[in-house]
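S.K.: starting from these lines, generate the structure:
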Amino acid sequence: MQSNEMSRSSSKTELPRLPILALLALAASIFITILTETLPAGLLLPISAGLKISEAMAGQLVTAYAIGSLIAAIPLSIATRSWDRRPLLILTMVSFAIINLVTALSSNYWLILAARFLAGMSAGLLWSIIAGYAARMVPDELKGRAIAIAMVGTPLALSLGLPAGTFLGEVLNWRTVFAVMSAASILLIIWIRWKMPNLPGQDIRTKLTLRKVFVLPGMRSILLVLICFILAHNILYTYIGPFVVPSGLSDELSRVLLVFGITSLIGITFVGSQVDKHLRKLTFASILLFILSAASLAIGYESQVVIYVAIALWGLGYGGSSTIFQTATAHTAGADIDVAQAMTVVAWNLSISAGGILGGLLLSFGPHALPITILPLLFVALLTVWNASNHGFK
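M.R.: Residues are numbered from 1 along each chain as shown. Sure, this is the predicted structure:
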C-alpha cells in the first residue's frame, strides 16, 4: 500500500518529457539558416573563381543575406505574428530550399545575390519565432532547456557544418554544397510537418514599443557592444579565406574553420553554464580573448602556428557571445524581451552587412589590415562594458 502511494506521488512530481524531436527540428532549421549564411565565407575563393568575380564581390553574398535579415526582421515578425507557427516555419524552409537550389544552379552573380537577399529575409523571420516556438511547446519549468536544445543548431553549424561544407566544396564543387543544403531543407520540411505542433500566433492587438525598449537603462550599451563585437567578427570572418593565403593555409581552410568551430562550441558550453552568475566577467573575457586574437593575427598573419592559436582564442571568445547578449537583453528588457530581441536581430545583421562591406574595402590594403582595423572596435566594446556596471552588463 505504501509502495503504491509512493509510486503515485513520484508520478505526480515527475516532470513532463521534452518534445525532443520537435525541438531538434527547430535546431535543424537554425543549422540550415546559419550554414546558408556562412558558407560563402568558407567557400569564398572557389565561388570567386567559379563566378569569375573578385573576392570582395563574393563576400557581398554574405552582406546581401545580412541586409535581407536586417530589413525584414521587425516588419515580417509584425506582419506574421498572428499566423500559426508551423506553416510559417515551413514557409521559411521552402524559401531556403528554393534559394539554395538557385545558388547551386545559376551562373549569374546578380541573380545569386538577389537570392541571398531573399534568404536573409527568411532568416530574419525565422529568428524572430524560434525561441518563442520552443518555449511554448513545454511547461514553464522546462522553457530554458527547450530553448537551449533549439539553439544548439548554431554551434553545431559553426563547429561541424561549416568546416564540412568547406571541405566538401574543396573536394567536389561549391555548387554541390548548396544543392545538398537545398535537399536538406526539403527533408526538414517533412520532419517539421511530421513532428512539430501547430501553435497559434499572437494577439495582433499587442503593439511593439520600440522606443520604450531602446531607452531602457542598459539597452543602448548592449546594442553598442553587440554592434562593435559582431562588426569586428564579420570584418575578419567573412574574408578568412583571403586572410590565410599569406600563411600558406588556403588549402587547409576547412581545418582552420574546424578549429574555430570546435573552440566556439567549447565557449558556448562554458558560457551557458556560467552566464546567469557571471555575465559581466564573461563579457570581459569574451572581448579580451578576441582582442588577444586580433593582435596576434595582425602581427603574425604569415605564421601558420600563430594563426591556429589565434583562431582558437577567437573561437573561445566568440562562441558564447550570442548567449551573453541574449542574457543581457533578457535581464534588461524583462517583459519586453520580444521587442528587444527584434532590435538585437536588426543590430546583429546590420553588423554582419557592414562587416562584409568594410572587409571588402580593407582587403585592398592587404590581409593584415583586417585585424588591425577591428582592434579599435573591440576596445570601444570593452570600454562600454566597463561603464555599464549598473545596467546592461552587471
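S.K.: what's the closest non-adjacent residue to residue 370?
M.R.: Nearest non-adjacent residue to residue 370, counting by CB to CB, 6 or more residues apart in numbering: residue 236, 4.9 Å away. No exception for glycine: its C-beta is placed from N, CA and C like everyone else's.
S.K.: and the one you found, what element?
M.R.: Element membership for residue 236, per DSSP states H and E: helix 219-237.
S.K.: quick check: next helix or strand after that helix?
M.R.: helix 240-243.
S.K.: helices and strands around that following helix, which ones?
M.R.: helix 20-42, helix 44-51, helix 253-274 (3 or more CB pairs under 8 Å, 6 or more residues apart in numbering; DSSP states H and E).
S.K.: redo that, cut-off 7 Å
M.R.: Applying 3 or more CB pairs under 7 Å, 6 or more residues apart in numbering; DSSP states H and E, we find helix 240-243 packed against helix 44-51.
S.K.: and the pLDDT for the closest residue to residue 300 other than its chain neighbours?
M.R.: Closest residue to residue 300 apart from its sequence neighbours, by CB to CB, 6+ apart: residue 306 at 3.2 Å. For residue 306, the pLDDT comes out at 93.
S.K.: ok, the one 4 residues further on next?
M.R.: According to the model's per-residue confidence, residue 310 sits at a pLDDT of 95.
S.K.: what sits against it?
M.R.: Applying CB atoms under 7 Å, 6 or more residues apart in numbering, we find residue 310 in contact with 293, 296-297.
S.K.: ok, now residue 229?
M.R.: The contact partners of residue 229, taken as CB under 7 Å, 6+ apart, are 287, 321, 381.
S.K.: now do 10 Å
M.R.: Contact analysis of residue 229 by CB atoms under 10 Å, 6 or more residues apart in numbering lists 283, 286-287, 290, 317-318, 321, 324-325, 348, 351, 374, 377-378, 380-382, 384-385.
S.K.: check residue 185 too.
M.R.: Shown in contact with residue 185 (CB under 10 Å, 6+ apart): 28-29, 32-33, 36, 92-101.
S.K.: in ChimeraX, how would I select the buried members of those residues?
M.R.: Of the contacts of residue 185, the buried ones can be selected in ChimeraX as follows, counting by 16 or more other CB atoms under 10 Å:
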select :28,29,32,33,36,92,93,95,96,97,98,99,100,101
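S.K.: and the contacts of residue 185, which is closest to residue 171?
M.R.: In terms of CB to CB, no member of those lies closer to residue 171 than residue 100, at 18.9 Å.
S.K.: wait, that closest one sits on residue 177?
M.R.: Yes: in this structure residue 100 lies within contact range of residue 177 using CB atoms under 10 Å: 9.0 Å.
S.K.: what's the angle between the helix holding residue 236 and helix 20-42?
M.R.: In terms of direction (axes from the mean of the first three to the mean of the last three CA atoms, to 10 degrees), helix 219-237 departs from helix 20-42 by 60 degrees.
S.K.: circling back to that earlier point, nearest to residue 367, of the contacts of residue 185?
M.R.: Nearest to residue 367 out of the contacts of residue 185 is residue 36 (CB to CB; 25.9 Å).
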